[in-house]
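Chemist: Using only what follows, build the 3D model:
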Amino acid sequence: MMKITRFLFLFILQICAWKGYAQDSPITWYNPVASVDSVLEGQGWRTGLENPYDRLPAKAHGVVREAVWNLSRQTAGMMIRFRSNASEIRIRYQVTGKMELPHMPATGVSGVDLYAVSNDGEQLWCAGKYAFKDTVSFQFANLNAHDPQHDLGREYRLYLPLYNGVKWLEIGVADSSDFTPLQARPEKPIVIYGTSIAQGACTSRPGMAWTNILSRKLDVPVLNVAFSGNGRLEPELIDLIGEQDARMYVLDCLPNLTVRPTVTYTIEYVRQRILQSVRSLRQRRPGSPIILSEHAGYTDAAINPTSKGYYEEVNKVIREAFAQLQQEGIKDLYLIPIGDFGQDIDTMVDGTHPNDLGMMRYAEGYERHIRTILAMPVGKVSTTIPVTQLRELMRYDWEKRHQEVLQVATQNNIETVVIGNSITHFWGGQPEGHTARGKASWNSTFGYSRTLNMGFGWDRIENVLWRVYHGELDGMKPKRILLQIGTNNLHLTSDEEMVAGWDMLLEAIRHRQPASQLYMVGIYPRRNDEERIRIINESMKRLASEKGVRFIDPGKVFLKNGQIEERWFSDGLHPNTEGYDLVGKEYSRLLRP
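Modeler: Next up, the predicted model:
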């Protein structure tokens, strides 16, 4: 009887398993390298490759040393972006080498790492179940597929293995789910030439390599040109990275240039390599900042004077080389000292390679310097922390509009820039939105051909800060810039936080366009918020005075006895056609010379 019962129990379990399998939705698999547009971010050379996942172009084969070439076939720093509303995402792929190293787990050497971005720009990490077999597989299940304002899904960022090459890779979602690959961002990258530490040894998973942490913190592409044991400031590599039109170059090679009894070069050789590398890069890329990095040290230095002497010697030389290069007149050159990397006895795996904590310290040290160099500061409150956003309800793609603004800014002789949210976005002008409620009044107020509409539906102060940091005011010389932003912050932040955000935003705009006449435009009155907006516009007026900026308040024309006149609005917030006509005339009066 017991055997029969046991048999029935196992039979029922098997039936349930079959039933569950049968109910699973079929999976559609996506091959990233089959896309028409390049989706591999962190790959500087997207054509002329021997293998679609290589970090260096085929022309480098035989030019760089064989050890460097072999390491360049590992996918350190590469990332794939896509959007999906799937509740489960599967990854399968094959690698070219060993799954793990003695001092680094398989999840870091050969694993992938999945991050998500919410519709408010918040970064989220996804835990996955993995199996390291001939075909490596990751399964990310029970995902919250979308945010309240965006049923079409969220953005994902998949980091590829740090110490292995990829033969092929596929991303799978259920047939019933949406999946959209995202083109690699066209922004200029930060190029990092370094050693095993920059390549990612010995972190637990790809997302925790300091280069990838830095990329997320700054939200900019990073090109990882680091080679384990082979970051030696070689001319061949300097020439190659000089081909990249970079936002910044980072040279962090000293851990592979310490002078020991086992090497054939001298400390004078190291000095010359530093000098020649910077001179070569500066000649090739005269406008891009270059960072030199001191050796971050070894965690046994306090008890091992020999290892301490190794890094102190090369750090002394790089400081001397830095001073010499400055005397030669080389501009935009920076040096990060050892102390700014914050390494201590608990931050390394083997005394040399950082663990996850050490990687975070590296990233934080770099972030502090890079934010200062690139004028991209962040604050403590939400309005001072630049983020992206995405709102399905506004029926436009926020990232796509950002790219359209960048295109218009560089193609047209822009004289006026109007920055704002949906009120500006859906007024008129270029780049054109999917709706325009006041084209005629926009054209009569600002003109069309030489005015840039930098209004984005649902934008808040922190979203505009992100856009300014990411190039929307670059490449042009407008005569005037009008800034009207904040109405979407009213229900989320205090008046003081809004002022803090405006303060940082004004500084960001001024830094990028010091010759433009800058106007702060008061928030338009809106239903049931008239009094609060009146008070906060007074705060805005005071801030404008402190900053030497002109303040105008055209929205006052919508008020009667302290309340909005509903006939000028479509919903108590957005002007209708007649409302845009009215406020456009007020702009023309206030902006009159």
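
Chemist: Tell me the confidence at the closest residue to G555 other than its chain neighbours?
Modeler: Nearest residue to G555 in three dimensions, chain neighbours excluded: Y524, at 3.6 Å (C-beta to C-beta, 6 or more residues apart in numbering). Any C-beta I mention is one placed from the backbone N, CA and C, and that applies to glycine too. Note for Y524: predicted pLDDT of 98.

Chemist: doesn't K556 make contact with Y524?
Modeler: No: Y524 is beyond contact range of K556, at 9.1 Å (criterion: C-beta atoms under 8 Å).

Chemist: who's in contact with E507?
Modeler: E507 is in contact with P377, counting by C-beta atoms under 8 Å, 6 or more residues apart in numbering.

Chemist: And what about it, helix, strand or coil?
Modeler: Using DSSP: H, G, I helix; E, B strand; the rest coil, the structure places E507 in helix.

Chemist: follow-up on the earlier one: host element of the residue nearest to G555?
Modeler: Following DSSP states H and E, there is no helix or strand that holds Y524.

Chemist: do the same with the one 3 residues further on
Modeler: Mapping R527 onto the secondary structure by DSSP H and E places it in no helix or strand at all.

Chemist: Can you tell me how far it is from Q484?
Modeler: For R527, the distance to Q484 equals 18 Å [C-beta to C-beta, to the nearest Å].

Chemist: hmm, back to that, of Y524 and K556, who's got more company?
Modeler: Taking other C-beta atoms under 10 Å, Y524 and K556 do not tie; Y524 has more neighbours (26 against 14).

Chemist: List the residues that contact the more buried one.
Modeler: With contacts defined as C-beta under 8 Å, 6+ apart, the neighbours of Y524 are I423, Q484, T487, I533, G555, F558, L573, P575, V583.

Chemist: closest to R271 among those?
Modeler: In terms of C-beta to C-beta, no member of those lies closer to R271 than Q484, at 53.9 Å.

Chemist: Could you report the neighbour count for that closest one?
Modeler: For Q484, the neighbour count with other C-beta under 10 Å is 24.

Chemist: Surely W502 and E546 touch.
Modeler: No: using C-beta under 8 Å, W502 is not in contact with E546, being 10.8 Å away.

Chemist: picking up where we left off before, from L543, how far out is the residue nearest to G555?
Modeler: In terms of C-beta to C-beta, Y524 sits 18 Å off from L543.

Chemist: From K380, how far out is E497?
Modeler: As judged by C-beta to C-beta, E497 and K380 stand 10 Å apart.

Chemist: The two: who's more crowded?
Modeler: Of the pair E497 and K380, E497 is the one with more neighbours under other C-beta under 10 Å, namely 19 against 9.

Chemist: would that one count as being in a strand?
Modeler: No: secondary structure of E497 (three-state DSSP): helix, not part of a strand.

Chemist: how much space between it and S539?
Modeler: Plainly put, E497 is 11 Å away from S539 if you go by C-beta to C-beta.

Chemist: that older thread, sort out for me which of the contacts of Y524 are in helices.
Modeler: Within the contacts of Y524, residues falling in helices by DSSP state H are I423, I533, V583.

Chemist: okay if I get those as JSON lines plus pLDDT, neighbour count and distance to H61?
Modeler: Output for the ones in helices among the contacts of Y524, formatted as JSON lines (pLDDT from 0 to 100; neighbours: other C-beta atoms under 10 Å; distance: C-beta to C-beta, whole Å):
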{"residue": "I423", "pLDDT": "97", "neighbour count": "24", "distance to H61": "55"}
{"residue": "I533", "pLDDT": "97", "neighbour count": "22", "distance to H61": "63"}
{"residue": "V583", "pLDDT": "98", "neighbour count": "23", "distance to H61": "62"}
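
Chemist: Which one of those residues is nearest to T445?
Modeler: V583 (8.5 Å).

Chemist: wouldn't the closest one be in contact with T577 here?
Modeler: No: with contacts counted by C-beta under 8 Å, V583 stays clear of T577, the gap being 11.3 Å.

Chemist: hey, what's in contact with both of those two?
Modeler: S441.

Chemist: now this structure, which segments are flagged as low pLDDT?
Modeler: Per-residue confidence for the chain (pLDDT under 70) gives these ranges: 1-24.

Chemist: Centre-most residue in it?
Modeler: D219 (1.6 Å; C-alpha atoms, centre = their mean).

Chemist: Run through the residues that contact it.
Modeler: P386, T388, W466, H470.

Chemist: Please flag which of those sit within helices.
Modeler: Counting by DSSP H, the contacts of D219 contribute W466 to helices.

Chemist: Sort out for me which of the contacts of D219 are in strands.
Modeler: Among those, no member falls in strands (DSSP state E).

Chemist: Buried only: go through the contacts of D219 for me.
Modeler: The neighbour count (16 or more other C-beta atoms under 10 Å) marks P386, T388, W466, H470 as buried among the contacts of D219.

Chemist: can you count the residues close to the residue lying closest to the second one once chain neighbours are set aside?
Modeler: What sits nearest to T388 in space, not counting adjacent residues and going by C-beta to C-beta, 6+ apart, is G121, at 4.3 Å. For G121, the number of neighbouring residues by other C-beta under 10 Å comes to 19.

Chemist: Could you check how far G121 is from V387?
Modeler: 3 Å.

Chemist: Determine the residues that are contacts of both of those two.
Modeler: Each of E462, N463, W466 lies in contact with both G121 and V387 under the rule C-beta under 8 Å, 6+ apart.

Chemist: quick check, nearest of those residues to G429?
Modeler: Nearest to G429 among the shared contacts of G121 and V387, with distances taken as C-beta to C-beta, is N463, at 18.7 Å.

Chemist: Surely the closest one and V387 touch.
Modeler: Yes: in this structure, N463 is within contact of V387 by C-beta under 8 Å, at 6.5 Å.

Chemist: Show me which of these two is the more surrounded one.
Modeler: Set N463 next to V387 and count neighbours by other C-beta under 10 Å: N463 wins out with 23 against 17.

Chemist: Next, count neighbours for V499.
Modeler: 19.

Chemist: Work out for me the element the nearest residue to it once chain neighbours are set aside sits within.
Modeler: Closest residue to V499 apart from its sequence neighbours, by C-beta to C-beta, 6+ apart: S539 at 5.4 Å. Secondary structure from DSSP H and E places S539 in helix 530-547.

Chemist: Understood, closing this out.
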